[in-house]
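Asker: fold the stuff below for me.
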Amino acid sequence: MKELVEVIAKSLVDHPEDVRVEEEQEDRQVTLKLHVDEDDMGKVIGRQGRIAKAMRTVVKAAATRENKKVSVDII
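Answerer: As a prediction, this is how the structure comes out:
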């Protein structure tokens, strides 16, 4: 899942070298923290959060196949 978020984020931003994803796991709950350059924050979030919501939907669908709960935080 970490790699999925990283690939999606790198394709959206102007500074892909600054994209980092940290993974924290507690039992079946996984939290992915996405770090991007400040200039790219708007591109990752999108208008009214549409891109962020779509990214979270894709990750949740992938997590469902592995019986895990995943949340994505954009930092």
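Asker: what pairs with whichever strand or helix holds residue 21, parallel or antiparallel?
Answerer: Following DSSP states H and E, one finds residue 21 within strand 20-26. If you go by DSSP bridges, strand 20-26 pairs up with strand 29-35 (antiparallel).
Asker: could you export the partner strand as CSV, CA atoms only?
Answerer: What follows is strand 29-35, C-alpha atoms only, in CSV (Å, rounded to 0.1, in the frame of the first residue of the first chain):
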residue,chain,number,x,y,z
GLN,A,29,-5.0,-0.6,11.3
VAL,A,30,-2.4,0.9,9.0
THR,A,31,-1.7,4.7,8.8
LEU,A,32,0.2,6.0,5.8
LYS,A,33,1.6,9.5,6.3
LEU,A,34,2.3,11.2,2.9
HIS,A,35,4.9,14.0,3.0
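Asker: buried set for the following helix or strand past it?
Answerer: Moving toward the C-terminus from strand 29-35, the next helix or strand (DSSP H and E) is helix 41-45. Neighbour-count burial for helix 41-45 flags 44-45 (criterion: 16 or more other Cβ atoms under 10 Å). C-beta coordinates here come from the backbone N, C-alpha and C atoms, glycine included.
Asker: rewinding a little: now the strand holding residue 21: average pLDDT?
Answerer: Mean per-residue pLDDT for strand 20-26: 94.
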